[in-house]
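Asks: next comes the sequence, and after it the predicted model I'd like to discuss.
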Amino acid sequence: MAMGSPAPGSLNRSSRLETSAATQSVQTIAAEYGGHWSPSCELPPGLVRPRPIDPTGVNGPTKGQARGPGWRQTSSGLYVPAEVSDEVVEQRILEQGQRICSHGAVTAWAALRWRGAAYFDGLAEAATSRLPVPLVVGRHRLRPDPRVEVSRDQIAPTELTWVAGIFCATVQRALFDQMRYAPSLRTAVVAMEMAAAARLISVRLMRMYVAQRSAWQGVELVRRALAIAIDTSRSPQETLMRLVWLLDAGLPAPLCNVPVFDLHGRLLGIPDLLDPVAGMIGEYDGAHHKARKQHRSDVRREGVFRDHGLEYFAVVGGDLLDRPLVVSRMHSTRARALFEPEERRHWTLTPPPWWKPREEPLDRHLLRTGQAGFLIRT
């Protein structure tokens with residue numbers, strides 16, 4: 001049975017989830033997301049729901065067929081045709097989500113990906129292996145299987161929701177599970193910001209949810225991450241670059257993805273990072289920036305910013321793996337910055353009347369669409 005697309009923003013680990021959450025390091029994040037990248041995705045077409053044994057062979061394999069090469073077992077008593085590939089992460093999530101009948105849910109990265117957050121790709125270190133699909137089942141038991149990571153942490157009925165054919169933890173609970181078992185503060189921040197980039201939940205609402213979870217394992221890491229997380233990052237690299245700016249270079253918190261205009265109302269650009277006091281811009285240039293046409297555009301863009309008194313630096317490729325290098329670049333750029341008072345600047349953050357933002361602010365969007373109240377429920 002092929003699956004359809006999820007409803008955007010649908011609402012309704014002893015913890016071994018630590019293994020799954022901890023395997024994606026800052027180094028992996030920096031290396032994997034190098035080109036054009038969108039924080040949101042849809043369920044791909046052609047997903048196939050596993051089927052039980054059917055003596056007639058109409059709605060599933062017969063026992064004899066199930067033992068043959070034409071079918072692949074996904075869990076106890078459930079099968080898909082052998083040609084159905086589990087290389088697609090959503091197919092893996094669908095298959096393992098069928099283990100949950102009435103108690104428990106898919107959680108952490110898998111629930112977030114199922115809802116359309118592209119960053120959570122289900123791959124471990126350097127994309128060399130798959131993460132098991134995380135399930136939270138409370139007091140109930142499931143058979144051990146390397147394809148799943150089973151947590152017996154409690155989960156309330158109010159934290160369960162039916163999303164496109166499987167039981168998922170609510171957005172806030174899934175993100176909480178992902179963040180509290182993250183291997184570092186930085187990876188926890190990336191998880192929060194990529195959930196926000198996918199328009200699933202805002203930092204403000206996540207803080208309100210976590211305020212009700214004071215006794216949970218890993219909650220202190222979540223609080224620390226939420227203290228520095230923002231809603232406006234658009235990629236994992238932007239987040240990691242901003243964290244080097246904050247945590248390693250010790251610079252004042254920058255603005256992220258705000259439009260900059262000249263004094264005649266023309267858009268100069270929307271830089272990844274901006275220090276409006278110093279007049280300093282930071283950009284992450286991924287792999288697609290190596291293309292000749294894109295490179296020419298980048299050079300022109302840098303020239304436009306400099307012509308208007310904004311000092312500029314770029315971080316490329318594997319630079320984020322060498323934090324001292326990036327810190328040095330940030331400090332030297334800030335040392336060259338003009339620190340002009342507002343009345344002498346040739347640029348402004350005040351938008352002209354014609355300007356329409358690309359997206360509605362996340363908190364406003366979640367409130368307008370009726371999701372905000374659901375996203376703080378425990």
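Replies: Noted; the coordinates are in hand. Numbering: from 1, shown residues only.

Asks: where do the strands of the stretch 151-300 of the chain begin and end?
Replies: 160-163, 166-169, 255-256, 260-262, 267-269, 273-275, 280-285 (DSSP state E, counting those that start in this stretch).

Asks: wait, isn't His331 in contact with Trp245?
Replies: No: applying Cβ atoms under 8 Å, one finds His331 not in contact with Trp245, separated by 10.3 Å. (C-beta placed from N, C-alpha, C; glycine too.)

Asks: name the residue in the two with the higher neighbour count.
Replies: Trp245 (23 against 13; other Cβ atoms under 10 Å).

Asks: among the strands of the stretch 151-300 of the chain, which is nearest Phe176?
Replies: Among the strands of the stretch 151-300 of the chain, the nearest to Phe176 by Cβ to Cβ is strand 166-169 (8.6 Å).

Asks: what's the local residue count around Asp177?
Replies: Using other Cβ under 10 Å, Asp177 has 30 other residues around it.

Asks: same check on Glu360?
Replies: 13.

Asks: spatially nearest residue to it (excluding sequence neighbours)?
Replies: In space, and not counting its chain neighbours, Glu360 is closest to Arg368: 7.3 Å by Cβ to Cβ, 6 or more residues apart in numbering.

Asks: is it correct that the one you found is in contact with Pro361?
Replies: No: counting by Cβ under 8 Å, Arg368 does not reach Pro361; the two are 10.0 Å apart.

Asks: remind me which helix or strand Asn59 belongs to.
Replies: If you go by DSSP states H and E, Asn59 is not part of any helix or strand.

Asks: grab the nearest non-local neighbour of it.
Replies: Excluding its sequence neighbours, the residue lying closest to Asn59 (Cβ to Cβ, 6+ apart) is Arg51, at 6.2 Å.

Asks: do Thr74 as well
Replies: Nearest non-adjacent residue to Thr74, counting by Cβ to Cβ, 6+ apart: Glu95, 4.0 Å away.

Asks: pretty sure the one you found belongs to a helix, no?
Replies: Yes: assigned with DSSP: H, G, I helix; E, B strand; the rest coil, Glu95 falls within a helix.

Asks: where in the protein is pLDDT low?
Replies: Applying pLDDT under 70 to the chain flags the ranges 1-36, 125-126, 287-298.

Asks: so who does the residue lying farthest from the centre of it touch?
Replies: The centre of the chain is farthest from one residue, Thr56, which by Cα atoms, centre = their mean lies 43.6 Å away. Thr56 is in contact with Thr62, counting by Cβ atoms under 8 Å, 6 or more residues apart in numbering.

Asks: measure it to Tyr79 for me?
Replies: Separation of Thr56 from Tyr79 (Cβ to Cβ, to the nearest Å) stands at 15 Å.

Asks: just the helices in the stretch 101-250 of the chain please.
Replies: Ranges of helices within the stretch 101-250 of the chain are 108-114, 171-180, 185-197, 203-210, 219-228, 236-243, based on DSSP state H, counting those that start in this stretch.

Asks: reformat the ones you listed as a markdown table; add distance to Pro324.
Replies: Converted to a markdown table, the helices of the stretch 101-250 of the chain look like this (distance: least, Cβ to Cβ, whole Å):
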| stretch | distance to Pro324 |
| --- | --- |
| helix 108-114 | 30 |
| helix 171-180 | 27 |
| helix 185-197 | 16 |
| helix 203-210 | 29 |
| helix 219-228 | 21 |
| helix 236-243 | 14 |
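
Asks: quick one: neighbours of Leu247, just the number.
Replies: Neighbours of Leu247 (other Cβ under 10 Å): 15.

Asks: and what of the one 5 residues further on?
Replies: For Pro252, the neighbour count with other Cβ under 10 Å is 11.

Asks: swap in the one 5 residues further on?
Replies: Here the number of neighbours of Asn257 (other Cβ under 10 Å) works out to 19.
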